[in-house]
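Visitor: Return a 3D structure for these sequence lines:
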Amino acid sequence: MMTNLFSMFDPNTNLMNIPFNWLSIFLGLLIIPMYFWLIPNRYLLIWNKILLTLHNEFKILLGPMSSSGSTFMFISMFSLIMFNNFLGLFPYIFTSSSHLTLTLTLAIPLWISFMMYGWINNTHHMFTHLVPQGTPSILMPFMVCIETISNMIRPGTLAVRLAANMIAGHLLLTLLGNTGNHLSYYLMFMLIIIQIMLLILESAVAIIQSYVFAVLSTLYSSEVN
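Guide: Numbering: from 1, shown residues only. As a prediction, the model looks like this:
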C-alpha cells in the first residue's frame with residue numbers, strides 16, 4: 001500500500017536489507033537478443049545506423065577541434081539513459097532514470113570534467129564566455145554573475161529535466177490507473193485506450209529525453225574547446 005503518491009518510486013525490493021532495485025540499470029543487457037552479438041542481422045544493422053547518425057551529429061556539434069572518439073562517450077550515455085527509460089515503462093521494474101540519484105551521478109561528473117579541462121587548457125577562452133560580445137562596460141560585472149550562475153546550474157538542469165519528465169508520465173499513468181476500480185465498463189474501455197496512448201507518448205519521451213541529455217552534454221563540451 002502506498003503511503004504517498006511518490007512512494008511507488010521508492011526502492012522497496014530487497015533481500016536481507018540489500019536493495020535490488022538499482023540492478024534494473026543493467027537489465028537492458030538481458031533483453032537484447034543473443035544473436036544481436038553473434039552475426040550481422042537486422043537488429044544490428046538498425047542499431048549501427050542509429051549510432052552512425054548520432055556519431056555524425058555529435059561530431060558536428062563538437063566541432064573540428066574535438067578529440068577523435070569523443071562522440072562515443074555521449075552515444076554510450078544516450079544508450080544507457082534510453083534503455084533505463086524504456087525499462088521503466090514495464091510493470092514492476094524500478095525506474096532508475098526518474099531519480100536524481102542517477103541523473104545527478106551522470107550530469108555532475110560530466111560538468112566538473114568539462115570545467116576542469118576548459119579552465120586548465122583554455123583559460124582565456126573560458127573567460128571570454130563570461131562576457132558576451134558587445135556587452136556594455138557598465139553591464140559587464142552583472143553579466144559575469146549571470147553567466148557564472150547559469151553555468152553552475154547546468155548539471156542541475158540536466159538532471160532535473162530528465163528526472164521530472166520521466167516521473168511526470170509515470171505519475172499520470174498511476175493516477176489514471178488507480179481510478180479503474182470505480183469505473184463502469186464503458187469508462188474502463190476509454191481508460192484503457194487513454195493508457196495505451198499515454199504509453200506510446202511515454203515511449204517517445206523516453207527517446208527524446210535521452211537524446212536531449214546527450215545533445216546538451218555535447219554542447220556543453222563544445223563550449224570548452
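
Visitor: which residues of this structure score low on pLDDT?
Guide: 1-20, 31-39, 65-66 (pLDDT under 70).

Visitor: can you pull out the strands in it?
Guide: Under the criterion DSSP state E, the chain carries strands at the ranges 14-15, 18-19.

Visitor: can you give me the offset of stretch 200-214 from its chain's centre?
Guide: Averaging C-alpha positions (C-alpha atoms, centre = their mean, to the nearest Å) puts stretch 200-214 8 Å from its chain's average.

Visitor: now W111, nearest residue through space, not along the chain?
Guide: Leaving aside its sequence neighbours, W111 sits nearest to P155 (C-beta to C-beta, 6 or more residues apart in numbering; 4.1 Å). All C-beta spots, glycine's among them, are computed from the backbone N, C-alpha and C.

Visitor: got the buried residues for the top helix by length along the chain?
Guide: Counting residues, the longest helix found in the chain (DSSP state H) is helix 185-223. Neighbour-count burial for helix 185-223 flags 198, 202, 205-206, 209-210, 212-218, 220-222 (criterion: 16 or more other C-beta atoms under 10 Å).

Visitor: what about M82, neighbour count?
Guide: Using other C-beta atoms under 10 Å, M82 is surrounded by 21 other residues.

Visitor: ok, it touching I208?
Guide: No. Counting by C-beta atoms under 8 Å, M82 does not reach I208; the two are 9.7 Å apart.

Visitor: Could I get the contacting residues of L183?
Guide: L191 (C-beta atoms under 8 Å, 6 or more residues apart in numbering).

Visitor: and it, how far is that from L199?
Guide: The spacing between L183 and L199, counted by C-beta to C-beta, to the nearest Å, is 18 Å.

Visitor: what does N121 give?
Guide: N121 is 46 Å from L199, by C-beta to C-beta.

Visitor: And for S98?
Guide: 16 Å.

Visitor: cool, S96 as well?
Guide: In terms of C-beta to C-beta, S96 sits 19 Å off from L199.

Visitor: Ok, F78 next?
Guide: From F78 to L199 the distance is 21 Å (C-beta to C-beta).

Visitor: Right, I'll leave it there.
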